[in-house]
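**Student:** Starting from these lines, generate the structure:
(4 chains)
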2 protein chains.
Amino acid sequence: MSIGTVSRVLNNSDHPVHPATRERVLAAIRALDFEPNALARGLSGRRTQILGVVVHDITDDYFNEIVRGIDEVARPAGYLVLVLSSYRDPELELDYVRRMRSQHADGIIFVGGGLQVPGHVDRLRRQVEAIEAEGGAVVMLAPNDLPWPSIVPDTDAGIAELVEHLVGLGHRSFAMLTGPDHLKTSVERAAAFRSALARHGIALDPRAVVSGGFERLQAAEALERLVEQGVRFTAVVCLNDQMAVGCLQAARRLGLRVPRDLSVTGIDDLPVTELLDPPLTTVRVPMRELGRRGMELVLSRLEERPFEAPTALACELVVRGSTGRVGRGSRKGER
Amino acid sequence: MSIGTVSRVLNNSDHPVHPATRERVLAAIRALDFEPNALARGLSGRRTQILGVVVHDITDDYFNEIVRGIDEVARPAGYLVLVLSSYRDPELELDYVRRMRSQHADGIIFVGGGLQVPGHVDRLRRQVEAIEAEGGAVVMLAPNDLPWPSIVPDTDAGIAELVEHLVGLGHRSFAMLTGPDHLKTSVERAAAFRSALARHGIALDPRAVVSGGFERLQAAEALERLVEQGVRFTAVVCLNDQMAVGCLQAARRLGLRVPRDLSVTGIDDLPVTELLDPPLTTVRVPMRELGRRGMELVLSRLEERPFEAPTALACELVVRGSTGRVGRGSRKGER
DNA sequence: CTGAAAGCGCTTACAG
DNA sequence: CTGAAAGCGCTTACAG
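**Tutor:** Numbers count the residues shown, from 1 in each chain, chains lettered A, B, ... in the order given. Next up is the predicted model:
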């Protein structure tokens, strides 16, 4: 019962092992509660079964929902998930990627990806190239400028639907709360809004377009400031739900009734949105599905089999109570 | 410039290295973008800087808030965090612990800990003993029957305050929604309620005590069933916030106004609670602090220094809008 | 101060 | 079918 034989049994190797020997090995493993050393395994060239997932912040429901989706596929495949919260700090993100290289992670999924900070993209690219060269699979789940495989939520159609909905309710003047400027997700969502509005001959008042940093509190302050400054609009479109939640709170403090005095919309469809009062009209991003499919893409690349599933996920409009006819309250009956 | 010298420079070893040599090594490291292999490091006996965190479900805000707290201390200490979602499945939990042993994780934090499933506790104990014997530090962040160091939220005083508050508002008949029976957290919170109520000579109607499994939807159904069955009570106390959120939704569907017709309370003080309508009266568990302190305990054990901070965290009552005088609406002004 | 060498625990050609 | 041995990339006594 040499160490080599034990290894063959443990790995269900093709190499033949006598059934009786196999039994003896298995019995010993059970008796000793033997657990092979994963470090030694990884060092001798095997897959480490470690996946790194780069998120912004695990307490942000957008990210933990996606991590959940990843986990749903990673666990049955035997993968351990390292959650790397970068808080959108390029240095920290890069540092984590280097650590993943050092750990010989089989894969990395960038969930928030797409920091357009000059210089950073190149350094990131170099690290990712090194990881890929060593057999790792890197995948992005957001719009980005890096040349790696991605699964991306396609919000354009949903945003167009949302604009139809709002225009149909009589809205003509809008405020828009954007995310960080260096985030491609924010840039693309903003562009989708502008072009959908343009189709109705509506242009955004530059003063009514402000960054809420994709954060709740920042968005609440931004809305309050707009109102203070006397900027006129009948609907605020927020480029994510977190900011829409902030707007709902700010509106309450300002004495504005939603949707009678102001319509508010988000994007993402976080689980909280239906608990709010009023519940939020938003564009649904299938977050768990995004995570699942991202992990499937990682696995298919590691196993070098083709990936058949679509790499863009449809996102549709979800109408709830936070949007209504201009000056006339909720479309779905007043309260 | 031997491999040994490089290692000494990399680890800032005590062993003397000539400054000029050190410089040459550092220059080469930079030039090659060299990243030492963490697996080889771990295999040769060094700390792996890997931490395993066992949670129930990363999309549950109770858990991701705690993971955030852990991360706040783990990251500056150079630790990588493996998030292990066990969904309260003993087999899965045990499997993850074995994997942690295999990975030579330096530490494991059980966040949800305390599954009182017969047999399981012993098997878990054996694994944890093996890990500790190999120099790992295991810590629990919930009440448990295992003999390992813990940081525990002390909700007893907060629950007593909550009962005072409700009794002060005139409530005498209560319903209680509990978590899973095999979870010590649920058992202890229930006991705290019973004894606080007993001090006022109030006993719970056995029909009014039902499990909501610590889950929102289950709790909503449970409340609807109680009302259907004609069980009488003026306040539902939920043993966590998730269930209280479910009750708020169910109450709305049932046409019960909170708090005029029914008072609802939770425990935890999740971030959502203040966004709800009405916002929730609850007992605040300092989740991030719990996570931070848990990681500090892990580090202090790894470094074999004494841990000075208290191992129980005070949890106080937070009064918001979901509780009011019996039959007379909110204590804080009607709407 | 520097380097050669053993050892960590696996996997996997290679020899038998 | 079994086992001895090289090798993965580090760390760390040990010798010089």
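**Student:** anything in stretch A:233-245 near chain B?
**Tutor:** Yes. Part of stretch A:233-245 sits near chain B under the criterion CB under 8 Å from any CB of the partner chain, namely residue A:245. Where C-beta positions appear, they are placed from N, C-alpha and C, glycine not excepted.
**Student:** With stretch A:220-227 instead?
**Tutor:** No. Residues of stretch A:220-227 contacting chain B under CB under 8 Å from any CB: none, with a closest distance of 11.4 Å.
**Student:** who touches that stretch?
**Tutor:** Applying CB atoms under 8 Å, 6 or more residues apart in numbering or on different chains, the external contacts of stretch A:220-227 come out as A:175, A:177, A:207-208, A:210-212, A:233, A:236, A:246-247, A:249-251, A:253-254, A:256.
**Student:** Kindly recompute the last result at 6 Å.
**Tutor:** A:175, A:177, A:210, A:212, A:246-247, A:249-250, A:254 (CB atoms under 6 Å, 6 or more residues apart in numbering or on different chains).
**Student:** just the CA coordinates of that stretch, formatted as PDB?
**Tutor:** Only the C-alpha atoms of stretch A:220-227 are listed here, as PDB (Å, rounded to 0.1, in the frame of the first residue of the first chain):
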ATOM      1  CA  ALA A 220     -30.600  60.900  -1.100                       C
ATOM      2  CA  GLU A 221     -28.400  64.000  -0.700                       C
ATOM      3  CA  ALA A 222     -28.200  64.500  -4.400                       C
ATOM      4  CA  LEU A 223     -32.000  64.500  -4.800                       C
ATOM      5  CA  GLU A 224     -32.400  67.000  -1.900                       C
ATOM      6  CA  ARG A 225     -29.800  69.300  -3.500                       C
ATOM      7  CA  LEU A 226     -31.600  69.200  -6.800                       C
ATOM      8  CA  VAL A 227     -34.900  70.100  -5.200                       C
END
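**Student:** and that stretch, what's its mean pLDDT?
**Tutor:** For stretch A:220-227, the mean pLDDT works out to 98.
**Student:** one step back: just the buried subset of the contacts of stretch A:220-227, please.
**Tutor:** Among these, the ones that count as buried by 16 or more other CB atoms under 10 Å in any protein chain shown are A:175, A:177, A:210, A:212, A:246-247, A:249-250, A:254.
**Student:** do you know how far residue A:219 is from residue A:236?
**Tutor:** To residue A:236, residue A:219 is 9 Å away according to CB to CB, to the nearest Å.
**Student:** Next, show the common contact partners of the two.
**Tutor:** Residues touching both residue A:219 and residue A:236 (CB under 6 Å, 6+ apart): residue A:247.
**Student:** farthest-separated two in the buried ones among the contacts of stretch A:220-227?
**Tutor:** Farthest-apart pair in the buried ones among the contacts of stretch A:220-227 is A:210 and A:249; separation 16.7 Å (CB to CB).
**Student:** domains of chain A?
**Tutor:** Per automatic domain parsing, the structural domains of chain A span A:3-36, A:50-152+A:287-311, A:154-286.
**Student:** Nearest to DNA strand C among those would be which one?
**Tutor:** Smallest distance to DNA strand C across the domains of chain A (CB to the nearest atom of the strand): 2.8 Å, for domain A:3-36.
**Student:** packing partners for the helix or strand containing residue A:65?
**Tutor:** Assigned by DSSP states H and E, residue A:65 belongs to helix A:61-74. Helices and strands touching helix A:61-74, by 3 or more CB pairs under 6 Å, 6 or more residues apart in numbering or on different chains; DSSP states H and E, are strand A:50-55, helix A:287-302.
**Student:** Identify the residues contacting whatever residue of the stretch 201-335 of chain A ends up closest to DNA strand D.
**Tutor:** Closest approach of the stretch 201-335 of chain A to DNA strand D (CB to the nearest atom of the strand) occurs at residue A:302, with a separation of 19.0 Å. By CB under 6 Å, 6+ apart, residue A:302 lies in contact with A:106, A:137.
**Student:** In space, what's closest to residue A:324 - neighbours in sequence excluded?
**Tutor:** Sequence neighbours aside, residue A:259 is the residue nearest to residue A:324 in space, at 3.2 Å (criterion: CB to CB, 6 or more residues apart in numbering or on different chains).
**Student:** Tell me the secondary structure at that neighbour.
**Tutor:** Following DSSP: H, G, I helix; E, B strand; the rest coil, residue A:259 is assigned to coil.
**Student:** these two touch, right, it and residue A:320?
**Tutor:** No. The pair residue A:259 / residue A:320 is not scored as a contact, 9.8 Å apart, by CB atoms under 6 Å.
**Student:** Comparing these two, which residue is more hemmed in?
**Tutor:** residue A:259 (28 against 18; other CB atoms under 10 Å in any protein chain shown).
**Student:** Okay, and residue A:222 sits in which element?
**Tutor:** Element membership for residue A:222 (DSSP H and E) is helix A:216-228.
**Student:** what helices or strands is the helix or strand just after that helix leaning on?
**Tutor:** Counting by DSSP H and E, the next helix or strand C-terminal to helix A:216-228 is strand A:235-238. Where contact means 3+ CB pairs under 6 Å, 6+ apart, strand A:235-238 is packed against strand A:174-178, strand A:263-265.
**Student:** Just send those strands back as TSV, with distance to residue B:121 too.
**Tutor:** Converted to TSV, those look like this (distance: least, CB to CB, whole Å):
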stretch	distance to residue B:121
strand A:174-178	50
strand A:263-265	49
